[in-house]
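Undergrad: this is the structure alone, sequence omitted:
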């Protein structure tokens with residue numbers, strides 16, 4: 001057999017890839033699972049859903065791999081989110097839903113861990129803290145304090161990683177990953193390697209040591225006797241005994257998939273935030289940095305960790321909130337590129353959600369300093385881009401000061417899609433940026449590398465990396481630009497010390513926004529959304545007056561449904577004369593959001609543009625494949641309309657995600673009802689789609705591409721616990737409401753409730 005399967009278990013779905021021995025991705029398939037939010041700050045998943053998704057993903061990938069039989073697979077390896085904690089009985093069945101990595105219910109317990117003073121806290125900024133509620137011990141302590149019956153019954157308290165491997169081997173082996181225990185379980189940081197027994201004792205958690213897996217395996221080690229007969233069948237007919245290789249936490253396995261395994265290399269993982277994971281030969285700890293994590297990746301190497309909380313999300317915020325989402329990233333990038341380095345004295349501090357490293361200050365906030373009347377939006381946009389890069393350099397500078405110097409940075413994620421921002425990163429830090437082939441699948445490829453090593457194809461993990469991970473190109477820094485950035489960097493570095501008292505004073509007065517940890521602890525802060533008033537529910541005798549009324553009461557868009565009588569069931573609809581009349585009545589500033597339920601969307605582009613539409617949203621079901629939708633969207637934009645795509649409730653979201661990440665769409669309309677008449681009940685299947693789309697849209701924003709607005713359409717109602725609130729929490733930017741708005745006695749109140 002000359003293929004391996006690498007599996008990346010993410011927050012919202014699990015993706016399996018079939019890889020050849022040179023690291024080429026032959027085929028992949030994803031399967032989603034649900035996240036529940038039973039209380040503010042809580043996030044749970046059913047472990048049985050992970051197992052179902054694993055089977056579906058591997059089977060789907062094999063079915064999509066031409067010429068690959070199940071018997072051709074030599075080994076399987078899985079990575080997962082970290083720490084998604086589960087309490088299991090002796091058979092490996094969950095006693096309760098998992099506490100997902102993002103679950104923040106254990107904030108108080110995290111403070112207790114940080115206060116215990118144990119030597120194992122060295123990895124938490126040299127003992128200064130904080131300890132995140134995401135980590136293993138705070139979550140386990142919460143279980144013991146709040147659900148003692150579950151804790152006492154549990155034979156195992158472990159992670160998603162351990163649960164899946166246990167079931168892959170038929171319950172023969174319960175083992176932990178050396179990676180997970182090093183980076184999030186406080187293993188190996190105390191006077192002796194191994195579990196932090198003195199910490200557990202100080203917390204009254206001695207019993208936890210017996211509930212953890214008693215064997216810890218390094219990355220790439222073979223687990224037990226391989227796939228059980230049941231697991232082999234579950235994965236699509238793989239051979240029983242197929243090797244199961246030990247994986248680990250997704251971001252760290254992604255380092256392997258990027259070829260970042262040697263001392264002197266640093267992985268820069270970009271998106272809505274930045275994560276900096278450096279490989280070092282020696283151990284150590286330092287204030288303002290996390291780690292080093294002993295043997296955290298491969299034996300004999302250690303990992304130092306830094307992070308910026310708000311990076312791509314800051315860029316997205318500026319376009320969405322400051323510019324109304326109507327200016328493209330292409331325009332903003334062009335304007336920023338025309339601005340000289342240093343933005344003529346304008347500096348941006350990117351601490352919009354606090355600072356993770358090197359200050360570890362959740363009370364810090366973002367700032368723009370040095371504004372003058374000469375500065376344009378291009379200056380501000382470039383200042384935000386530069387500020388993120390300066391924040392990365394500040395972390396690298398702290399690492400250098402502590403003896404952790406790097407010669408090469410391997411970069412992946414959203415920022416790689418923006419040539420301007422990519423070069424800016426290289427120039428500011430003065431180091432080459434390496435981009436590898438298939439970086440978007442780095443986590444699954446990292447698993448494939450470990451599987452190939454476990455299968456005996458290569459004598460070591462580094463040898464497997466050399467054979468399977470390939471550099472695509474390298475962005476070299478400009479010495480002249482690096483020198484030019486130094487003055488602006490020094491100004492940036494002076495901002496936080498100068499503003500610290502301001503931020504602290506605001507926090508003490510209660511006027512500052514809550515810290516990142518506090519926000520997660522009490523649930524996601526309710527964002528402001530745009531409200532699109534669907535005139536399908538308006539008084540048809542006077543649509544112009546109705547539209548004027550809702551706009552005057554706070555609605556942002558007018559949503560107009562148009563059908564051709566073929567695509568959807570016959571229903572009430574509006575035609576081109578209605579749109580033209582509304583444009584004339586409402587004026588040029590009104591935003592007319594036209595949802596076209598038509599079998600041939602292209603035939604409507606020019607007529608709708610002439611009638612005065614602002615945005616044309618067509619159905620993916622009518623367009624066919626995702627690439628066909630891309631082509632239609634391009635035609636819509638050519639007609640100077642915003643391009644949107646709608647999804648019916650039964651349509652999966654996966655085909656649209658690449659278009660959103662590429663900035664090919666301006667809006668995605670997630671239907672929570674069937675296309676047709678109004679007044680239908682909200683279908684909660686829309687929420688998972690919204691979450692996936694919001695993530696993809698933020699990735700596009702981080703790359704400097706157009707960020708698609710995520711719109712939810714149908715059955716939307718205001719009020720606590722209502723569908724509008726659920727949609728906002730899931731990440732919707734726009735809510736379409738008809739009956740709940742036009743049928744309200746107080747429309748201003750209804751619109752306010754929707755927002």
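TA: That came through, no problem. Quick caveat: nothing in here was measured; it's all calculated off a predicted structure.
Undergrad: longest helix in this structure, by number of residues?
TA: If you go by DSSP state H, the chain has its longest helix at helix 479-508.
Undergrad: please point out which parts of it sit buried.
TA: 482, 485, 488-489, 491-492, 495-496, 499, 503, 507 (16 or more other Cβ atoms under 10 Å). Heads up, the C-betas are built off the backbone N, CA and C, glycines and all.
Undergrad: could you do stretch 423-438 as well?
TA: 423-431, 433-438.
Undergrad: then stretch 45-52?
TA: 45-47, 49-51.
Undergrad: so which of those residues are in strands?
TA: In strands, judged by DSSP state E, the following of the buried residues of stretch 45-52 are found: residue 45.
Undergrad: pull the most distant pair out of the buried residues of stretch 45-52.
TA: 45 and 51 (11.4 Å; Cβ to Cβ).
Undergrad: OK, contacts around residue 73?
TA: For residue 73, the contact set (Cβ atoms under 8 Å, 6 or more residues apart in numbering) comprises 1, 3-5, 18, 62, 238-239, 242.
Undergrad: where in the protein is pLDDT low?
TA: 1, 189-192, 507-528, 565-573, 624-627, 675-680, 719-722 (pLDDT under 70).
Undergrad: so what's the residue in it sticking out farthest from the centre up against?
TA: For the chain, the C-alpha farthest from the mean C-alpha position belongs to residue 541; by Cα atoms, centre = their mean, that distance is 45.9 Å. Residues counted as contacts of residue 541 (Cβ under 8 Å, 6+ apart): none.
Undergrad: quick check: phi and psi on it?
TA: With angles defined as degrees, to the nearest 10, residue 541 sits at phi -70, psi -20.
Undergrad: closest to residue 342 out of the buried residues of helix 479-508?
TA: For those, the nearest to residue 342 is residue 488 (3.8 Å; Cβ to Cβ).
Undergrad: the nearest residue to that closest one once chain neighbours are set aside: neighbouring residues, count only.
TA: Nearest non-adjacent residue to residue 488, counting by Cβ to Cβ, 6 or more residues apart in numbering: residue 342, 3.8 Å away. Residue 342 sits with 20 neighbouring residues when counted by other Cβ atoms under 10 Å.
Undergrad: same question, residue 745
TA: Neighbours of residue 745 (other Cβ under 10 Å): 6.
Undergrad: how close does it get to residue 558?
TA: From residue 745 across to residue 558, the span is 21 Å (Cβ to Cβ, to the nearest Å).
Undergrad: one step back: which one of the contacts of residue 73 has the most neighbours?
TA: residue 4 leads the contacts of residue 73 on contacts (other Cβ under 10 Å) with 32 neighbours.
Undergrad: what helix or strand is the closest residue to it other than its chain neighbours located in?
TA: Nearest residue to residue 4, sequence neighbours excluded (Cβ to Cβ, 6+ apart): residue 451, at 3.8 Å. Element membership for residue 451 (DSSP states H and E) is helix 442-454.
Undergrad: buried ones in that helix?
TA: Quick answer for helix 442-454 (16+ other Cβ under 10 Å): 442-454.
Undergrad: tell me the secondary structure for residue 216?
TA: Secondary structure state of residue 216, per DSSP: H, G, I helix; E, B strand; the rest coil, is strand.
Undergrad: report the contact partners of the residue nearest to it when sequence neighbours are not counted.
TA: Closest residue to residue 216 apart from its sequence neighbours, by Cβ to Cβ, 6+ apart: residue 176 at 4.8 Å. Contacts for residue 176 were tallied using Cβ under 8 Å, 6+ apart; they are 158-159, 161-162, 185, 212-213, 215-217.
Undergrad: make CSV out of those and add distance to residue 270 and neighbour count.
TA: Output for these, formatted as CSV (distance: Cβ to Cβ, whole Å; neighbours: other Cβ atoms under 10 Å):
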residue, distance to residue 270, neighbour count
158, 30, 29
159, 25, 30
161, 24, 29
162, 29, 25
185, 27, 25
212, 33, 22
213, 33, 21
215, 35, 12
216, 31, 23
217, 31, 20
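Undergrad: show me those that map onto strands.
TA: Per DSSP E, the subset of the contacts of residue 176 in strands is 158-159, 215-217.
Undergrad: and of these, the nearest to residue 652?
TA: Once Cβ to Cβ is applied, the member of the ones in strands among the contacts of residue 176 that ends up nearest residue 652 is residue 159, at 28.0 Å.
Undergrad: do you know how far the closest one is from residue 12?
TA: Taking Cβ to Cβ, one finds residue 159 at 17 Å from residue 12.
Undergrad: what of residue 496?
TA: 34 Å.
Undergrad: tally of neighbours for residue 468?
TA: Neighbour tally, residue 468, other Cβ under 10 Å: 27.
Undergrad: how about it: what's its closest non-neighbour residue?
TA: Using Cβ to Cβ, 6+ apart, the nearest residue to residue 468 is residue 23, at 3.1 Å.
Undergrad: what residues are up against the one you found?
TA: By Cβ under 8 Å, 6+ apart, the neighbours of residue 23 are 437-438, 445, 448-449, 467-470.
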